[in-house]
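**Q** can you look at this prediction? I've put the sequence above it.
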Amino acid sequence: MLEGWLDFHRATLAIKCEGLSDTQLRTRSVPPSAMSLIGLVRHMADVERFWFREVMAGEEAPPIYWDNPGHDSDFDDVDGADPAADFAIWRGECERARTVAGGLSLDAVGTERVTDPDGTLRELPITLRWVLSHMIEEYARHNGHADLLRETIDGTTGE
């Protein structure tokens, strides 16, 4: 059920972006926000990569777009973005996430590495069940953003 809901939300993001030009996909919301549909796709590629590849699979998987706190390249640097390439990357990360999740039980434990403000590195146990629940929430929230962005671009609403 969790994997089904996650796939539903992945598909919803794709639907929100269907039929738009590269320029429309790069269209920002209202200032000062840097949010755009292609920025959401790029953001979710990094989120998929982090939770499934790095946390659950234990891979060394540095972010694709995000580069440092205070500068979210996934959202900030979309003026020259190549939506076709960005969608291919996102779809690839979703497929890799499905593969990782498919090989684990819901109770499988991965490790999130967190650096505290004082520089202390902590390792937090995270279950696949938690990751799937979090990803559903992450997509649901951002799909709400996508719905507003799409409505602004061409008036299209709904799932």
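**A** Sure thing, it's come through.

**Q** quick one: distance of the lowest-mean-pLDDT helix or strand in the chain to the chain centre.
**A** Lowest mean confidence among the helices and strands of the chain (mean pLDDT, DSSP states H and E): helix 73-76, at a mean of 84. Distance of helix 73-76 from the chain centroid (C-alpha atoms, centre = their mean, to the nearest Å) equals 12 Å.

**Q** quick one: buried residues of whatever helix or strand comes next after it?
**A** Using DSSP states H and E, the next helix or strand after helix 73-76 towards the C-terminus is helix 83-102. Of the residues in helix 83-102, Pro83, Asp86, Phe87, Ile89, Trp90, Glu93, Cys94, Arg96, Ala97, Arg98, Val100, Ala101 count as buried by neighbour count, 16 or more other C-beta atoms under 10 Å. For the C-beta atoms, the positions are set from N, CA and C on the backbone; glycine is no exception.

**Q** which other helices and strands contact helix 83-102?
**A** Packed against helix 83-102 by the contact rule (3 or more C-beta pairs under 8 Å, 6 or more residues apart in numbering; DSSP states H and E) you find helix 2-17, helix 22-26, helix 37-48, helix 128-154.

**Q** contacts for the second one next, please.
**A** Read it as helix 22-26. Helix 22-26 is touched from outside by Cys17, Ser36, Leu37, Ile38, Val41, Val78, Asp79, Ala81, Asp82, Pro83, Ile153, Asp154, with contacts defined as C-beta atoms under 8 Å, 6 or more residues apart in numbering.

**Q** show me where pLDDT drops low in this structure?
**A** Within the chain, the stretches with pLDDT under 70 are 68-71.
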